[in-house]
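**Student:** structure for this input, please:
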Amino acid sequence: MSAILRGTHRLATARSVRPTYSQWINGRVVGARRTVATAVDEGTVPSSTSPAHGLKHFKCEVLDNGVAIIRFDRVDNKVNALNMETGSEMLTLMTRLEHDSHVKASVLLSAKPKDFIAGADIAMFEGCKTVEDFLAIPKGVHELFDQIENGKPVVAAIHGSCMGGGLELALACHYRIATESPATKLSLPEVQLGILPGAGGTQRLPRLIGLEKALPLILQGSNVRPAKAKRMKLVDGLADPHALEHAAILAATELASGKLVVDRSPKGVVNRLRKFILESTPFGSKMVFDMARKQVMKLTNGNYPAPLKILEVMQGSLKAGFGSPTGYALETQAFADLGVTSESRALVSIFFGRNECRKNPYPAPKHTPKNIAVIGAGLMGAGVAEVSVTNGYDVTLKDAVSAGLARGLNQIEKNMAKGVKKKRMTSFEMDTTMSKVVGVTAENDEWKKELAKADVVVEAVFESLELKHKVIRELEAVLPPHAVFATNTSAIPIAKLAAASARPDRFLGMHYFSPVDKMPLIEIIRHDGTSDDAAATAFNVALKQGKIPIVVKDVAGFFVNRCLGPYMDESLALLQGGASVKDINTALVKYGFPVGPMSLVDEVGIDVAASVGKNLAGDLGVRVGAADNAFFDDVIANNWLGRKTGKGMFLYTSKKREENPEMQELIAKYRAQRTPNTDITPDDITFRMASRFVNEAAHCLQDDIIASPTIGDVGSIFGIGFPPFRGGPFRMVDAYGAQAFVDRMNGYREVHGEHFAPAQILVDHAKNGTKFHST
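**Tutor:** Next up, the predicted model:
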């Protein structure tokens, strides 16, 4: 006890009067401001046999007052993830405690430092091929959770991630206490895997917090922070991490004695009436589900079956009663039905693919970086600095002038302030983090002293070969010998940049995507002279920054932009051939892309898109030659560059997004030079554009630009938002059928030209009847 309380600023002594749980938690003693030393005896009941004897993943001790302390520590995994084995062990343990007359209540804790229970082990899904296979997963879980719910009081003491099956387990407990820590988050993210909570989440959550609050959590799978969880009654109390165990023991003691009685009913006449209308009247419940269904269709265009199935299950459960046999039966069947859908299989494959991409393929590096130097405090540079400092690095941010540096520092501080507002970090943590960013400029020599500390440099200056060469020579003169130099470029070959380096073995590319704090992908690009040690260092830095790294070959456009080039070329060809801006955007959004290509080019900048296209032309030739690119020259000459100049494909002078009439006139001019086709269907638009992207991804695999179809799928989804429910370009071909895909491309080739010629690797898969993925 004394060891745990050390450093918690006790204001009382061990002679203090023992507080009740409600006095203790409501009096904000959660930081141990009053002692709890007398609240719980330090010893445990001597026993020749622990309740957890013979179990691998659980430890259990029973206190003199009859409270069992259960510690979950999955020995074969870095996180606590529920699977058949851990579920069986927990059921055994809970049965033993239920039959032990000395045990009055239990506290469930995690022995992991960063998570309570991270959810179900998704590896269980790999062996499931049929609906019956998926039905078997919830069966054992229901037995365990029902025993917890109907047995002696159990308090869930939550620190860190409490997600999916972990939250469903906590919901089965009688009381929940969470730590007031940025590390603690609660969610039901199953919808992001194309399924729904299958262990009672659709039943216990609305029964606990009400239908109105439960629906968004289940439909969106978003994280809930501790303070909000307390307000919505998802948890019953909050505690300082150091005092969590004591708070939970006190709660368990008083639940067992009857001293702590929990009332979670709505407070006030208005809230009670609102709940009654929305859940107990046909009109109110219909309104809730109609609004939710409308929002789901708006966000998904009907491409994802899981949200609609969730609404169906919860609507049926409301009629039968949440927690009724009918409700659980609806949930279980829907879980299994969704599990075998192509959409869920695709989303689960991306989950595994993402984890696969996070495995460093190189031997462990000799140095562990502590200081990251970022050169250039623009949008990209400030973003790189932010994801570095918020993930534990000391950062030096250098810009040419003070005004540029101030802009970059302000960007970082503003984003952190949003995190404070959303309770992701405290003001103190924000100030502490910002203090780890040292800003320097070229206006004096102070930067040389700071750069001498750098372990990794990320250069993010303007896309100019001459400027980057100058920066490389300037910085290498002061960097320590072990430092890795990474250039953030989207177009210039790394080998050309490395030509200016005095130590090319420590030089490589790290291509971040904008905005850096939101886009998860990073491309790591080696030139021929890059050492494994430098690549391993960059890979580990990217992981710590929270990125998904993919290693790609040093070619024009690398991987993502190389595939994006033909995709955007086809959008312009369609535009010049008769399709409207609106039709192209609408078709691709309905297909599953987050934004249409016409909106995307405005966000990226039409000048940037034109530059990328020109850089790709030398390598790809006809594969980026479908459109008349003189169109871009005219657009750039008129300064219609997109959002940054106030007009592009659209006007950005008001909140309402209207098409740019001047751009329409220019489009009409180029359209007049062709034989326009006004009968282009949405299906034509989507296949023509998607196939151009997929075909280039196939060329990349064929030419060893990427090492595997998984890298291509992950890079496409997390780099530009290729529709996740399709699983990426290679899974899309597997689902479509390689022969059917090649045949259709050849059909367009006959009509529109050689840019639709399928890659040889696609032709081979079609001929052999093989797939890119075996599962």
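**Student:** now what about the helix or strand Val384 falls within, what contacts it?
**Tutor:** According to DSSP states H and E, Val384 maps onto helix 379-389. Helix 379-389 is contacted by residues 372, 374-375, 377, 395, 397, 399, 407-409, 411-412, 415-416, 433-434, 436-437, 458, 460-461, 488, 512, 514-517, 541, 545-547 when judged by C-beta atoms under 8 Å, 6 or more residues apart in numbering. For glycine as for every other residue, the C-beta is placed from the backbone atoms N, C-alpha and C.
**Student:** what of stretch 667-680?
**Tutor:** Residues from elsewhere that reach stretch 667-680 (C-beta under 8 Å, 6+ apart): 574-579, 581, 583, 628, 631.
**Student:** would you list every one of the helices in the stretch 651-775 of the chain?
**Tutor:** Ranges of helices within the stretch 651-775 of the chain are 661-671, 682-702, 709-720, 729-736, 738-752, 760-768, based on DSSP state H, counting those that start in this stretch.
**Student:** and the last one, which residues are buried?
**Tutor:** Within helix 760-768, the residues that count as buried by 16 or more other C-beta atoms under 10 Å are 761-763, 765-766.
**Student:** can I get those in CSV with pLDDT and distance to Gly728?
**Tutor:** What follows is the buried residues of helix 760-768, written out as CSV (pLDDT from 0 to 100; distance: C-beta to C-beta, whole Å):
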residue, pLDDT, distance to Gly728
Ile761, 98, 15
Leu762, 98, 15
Val763, 98, 20
His765, 98, 15
Ala766, 97, 19
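**Student:** of those residues, closest to Ser344?
**Tutor:** His765 (23.9 Å; C-beta to C-beta).
**Student:** can I assume that closest one is in contact with Val733?
**Tutor:** Yes. Contact criterion C-beta atoms under 8 Å: His765 and Val733 qualify, at 7.4 Å.
**Student:** who touches both of these two?
**Tutor:** 771-772.
**Student:** hmm, which helix or strand of the chain has the shakiest average pLDDT?
**Tutor:** Here the helix or strand of the chain ranked lowest by mean pLDDT, DSSP states H and E is helix 2-5, holding a mean of 30.
**Student:** point out where the stretch 551-700 of the chain drops to low pLDDT.
**Tutor:** 676, 678 (pLDDT under 70).
**Student:** ok so, going back, reformat the buried residues of helix 760-768 as JSON lines; add distance to Leu330.
**Tutor:** Shown next, in JSON lines, are those (distance: C-beta to C-beta, whole Å):
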{"residue": "Ile761", "distance to Leu330": "44"}
{"residue": "Leu762", "distance to Leu330": "42"}
{"residue": "Val763", "distance to Leu330": "46"}
{"residue": "His765", "distance to Leu330": "40"}
{"residue": "Ala766", "distance to Leu330": "42"}
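**Student:** just curious, which of these is nearest to Lys56?
**Tutor:** Nearest to Lys56 among the buried residues of helix 760-768, counting by C-beta to C-beta, is His765 at 43.6 Å.
**Student:** and for Asp394, nearest residue in space, chain neighbours not counted?
**Tutor:** Asn371 (4.6 Å; C-beta to C-beta, 6 or more residues apart in numbering).
**Student:** any regions of the stretch 1-150 of the chain where pLDDT drops low?
**Tutor:** Those would be 1-48, if you go by pLDDT under 70 across the stretch 1-150 of the chain.
**Student:** likewise the stretch 351-500 of the chain?
**Tutor:** For the stretch 351-500 of the chain (pLDDT under 70), the answer is none.
**Student:** follow-up on the earlier one: just the buried residues from the contacts of helix 379-389, in ChimeraX please.
**Tutor:** The buried residues among the contacts of helix 379-389 can be selected in ChimeraX (16+ other C-beta under 10 Å) with this line:
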select :372,374,375,377,395,397,399,408,409,411,412,415,416,433,434,437,458,460,461,488,512,516,517,541,545,547
